[in-house]
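Engineer: coords please:
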Amino acid sequence: MSGNINWKVKQKVMVTGAESMIGRAITWSLARKGNVVIDVVSHPECDLLDINQTRSRFQSFKPDYVIHAAGYNGGIEWNKRYPAKIFYRTVQMGLNVLEMCHRFKVQRVQSIISSCAYPDTDSEELKEENFWNGASNPSVECHGHAKRFLDAFSRQLYKEHGTMATSVILNNSYGPHDNYDVNKTKVVGAMVKRFVNARDKKLPHVECWGSGKPLREFVYCEDAGDLIVRALEKYCNPMLPLNLSTGIEVSIKELAETTAKVARYKGDIRWDTTKQDGQLRKKLSTKRMFEELYPNRDKKFTPLKRGLRQTVKWYEDERKTNPTFS
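Structural biologist: Here you go, the predicted model:
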């Protein structure tokens with residue numbers, strides 16, 4: 001199933017989690033469509049855990065489309081510390097938003113699911129039809145399983161009410177406006193912060209966790225925003241999620257070496273192998289993504305080194321006015 005949005009007619013799009021890196025990227029991509037009114041929903045002004053606040057927001061804006069990007073998550077240590085809180089908050093926000101999409105009869109709602117929701121397997125490409133075939137990696141199951149619930153509820157809304165509620169699965173993203181809280185930042189943000197600060201403090205070495213062997217795909221935030229908006233435009237199958245990724249794998253070791261080079265850090269990189277690696281491989285199959293969204297295969301992605309340059313530059317500039325980044 002597929003369908004297009006007529007952007008020549010004014011469309012009202014609500015974006016939850018709008019203060020996040022991905023939320024901002026989605027908003028920028030939507031703004032380039034021209035005739036669109038965007039409701040940027042951030043936590044300080046609307047608590048999506050509260051069904052009444054969520055209902056009030058929908059009632060006042062009356063969106064035609066909704067992109068649900070809000071969630072509560074962090075790095076591996078954050079997952080270990082607050083698994084119940086992560087699970088509850090992520091599920092509750094999603095249920096509230098999706099229920100309001102049904103009640104207010106939005107034309108389409110799209111939930112963004114993390115690739116950690118996939119089963120824990122190291123040896124094969126992750127295909128959408130296998131999304132429910134096994135448990136997530138224990139290190140991320142609190143967030144991964146919470147996101148699965150959004151896909152499940154979306155399908156039930158479609159089956160009972162005809163609500164066009166779809167899910168897209170996004171791989172690791174990075175870029176400006178990422179979260180650099182030491183407890184919440186993900187792998188790219190953590191490395192950018194670590195290597196830039198080590199350079200400025202002239203530290204002889206930087207310690208990275210694990211062995212460096214795991215393979216990951218990294219999507220620059222602006223590319224991720226464009227993929228998500230493209231999927232909102234064209235993808236209309238609530239019964240099967242859609243992968244969004246680059247199809248290009250990079251080892252954590254290569255990521256560290258590239259980040260150190262871009263950050264102009266001259267010291268050594270040491271690996272603490274007492275720390276867990278997590279899932280060793282997490283490659284998303286992009287076959288259906290290209291078939292559904294880019295049949296001419298004309299989508300170009302930001303190269304990792306260029307994306308890291310832009311991310312490091314943003315971090316360096318932001319750190320001048322935001323002492324919490326140091």
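
Engineer: buried set for stretch 16-32?
Structural biologist: 16-27, 29-30 (16 or more other CB atoms under 10 Å). No exception for glycine: its C-beta is placed from N, CA and C like everyone else's.

Engineer: would you list those residues in CSV and tack on pLDDT?
Structural biologist: As requested, the buried residues of stretch 16-32 are exported to CSV (pLDDT from 0 to 100):
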residue, pLDDT
T16, 98
G17, 95
A18, 93
E19, 92
S20, 93
M21, 95
I22, 96
G23, 96
R24, 97
A25, 97
I26, 98
T27, 97
S29, 97
L30, 97
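
Engineer: Among those, which ones are in strands?
Structural biologist: Among the buried residues of stretch 16-32, the members falling in strands (DSSP state E) are T16.

Engineer: Serialize the buried residues of stretch 16-32 to JSON lines and add fields for distance to F58.
Structural biologist: Shown next, in JSON lines, are the buried residues of stretch 16-32 (distance: CB to CB, whole Å):
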{"residue": "T16", "distance to F58": "11"}
{"residue": "G17", "distance to F58": "16"}
{"residue": "A18", "distance to F58": "15"}
{"residue": "E19", "distance to F58": "19"}
{"residue": "S20", "distance to F58": "20"}
{"residue": "M21", "distance to F58": "24"}
{"residue": "I22", "distance to F58": "21"}
{"residue": "G23", "distance to F58": "17"}
{"residue": "R24", "distance to F58": "22"}
{"residue": "A25", "distance to F58": "23"}
{"residue": "I26", "distance to F58": "18"}
{"residue": "T27", "distance to F58": "18"}
{"residue": "S29", "distance to F58": "22"}
{"residue": "L30", "distance to F58": "18"}
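
Engineer: what's the closest of the buried residues of stretch 16-32 to T121?
Structural biologist: Closest approach to T121 among those (CB to CB): I22, at 25.0 Å.

Engineer: now the nearest residue to the closest one once chain neighbours are set aside: how far from F149?
Structural biologist: Closest residue to I22 apart from its sequence neighbours, by CB to CB, 6 or more residues apart in numbering: A69 at 5.3 Å. When distance is defined by CB to CB, to the nearest Å, A69 is 16 Å away from F149.

Engineer: higher neighbour count, the two?
Structural biologist: A69 (26 against 19; other CB atoms under 10 Å).

Engineer: Strands of the stretch 201-326 of the chain, residue ranges please.
Structural biologist: For the stretch 201-326 of the chain, applying DSSP state E, counting those that start in this stretch gives strands covering 205-209, 215-216, 219-220, 242-244, 250-251, 268-272.

Engineer: and E318, which of these is closest to it?
Structural biologist: Once the strands of the stretch 201-326 of the chain are compared by CB to CB, strand 219-220 is nearest, at 17.2 Å.

Engineer: List the neighbouring strands of that closest one plus their orientation.
Structural biologist: strand 173-174 (parallel) (DSSP bridges).

Engineer: what is the rounded mean pLDDT of the strand it pairs with?
Structural biologist: Averaging pLDDT along strand 173-174 gives 95.

Engineer: what's in contact with that strand?
Structural biologist: By CB atoms under 8 Å, 6 or more residues apart in numbering, the list of residues contacting strand 173-174 from outside reads 21-22, 186, 188-189, 218-221, 224, 307-308, 311.

Engineer: From the residues you listed, which shows the smallest pLDDT?
Structural biologist: The minimum pLDDT among the contacts of strand 173-174 falls on K186, with 82.

Engineer: Pull the number of nearby residues for that residue.
Structural biologist: Counted with other CB under 10 Å, K186 comes out at 19.

Engineer: Surely it is in contact with I76?
Structural biologist: No. Under the criterion of CB atoms under 8 Å, K186 makes no contact with I76, lying 9.4 Å away.

Engineer: Filter the buried residues of stretch 16-32 down to just the ones in helices.
Structural biologist: M21, I22, G23, R24, A25, I26, T27, S29, L30 (DSSP state H).

Engineer: Would you enumerate the residues in contact with the last one?
Structural biologist: With CB under 8 Å, 6+ apart as the criterion, the residues that contact L30 are V13, V15, V36, I38, V229.

Engineer: show me where pLDDT drops low in the stretch 51-200 of the chain?
Structural biologist: 123, 183 (pLDDT under 70).

Engineer: could you pull out the strands for it?
Structural biologist: 65-68, 108-114, 165-170, 173-174.

Engineer: among these, which is nearest K159?
Structural biologist: So among the strands of the stretch 51-200 of the chain, strand 165-170 is nearest, using CB to CB, at 10.3 Å.
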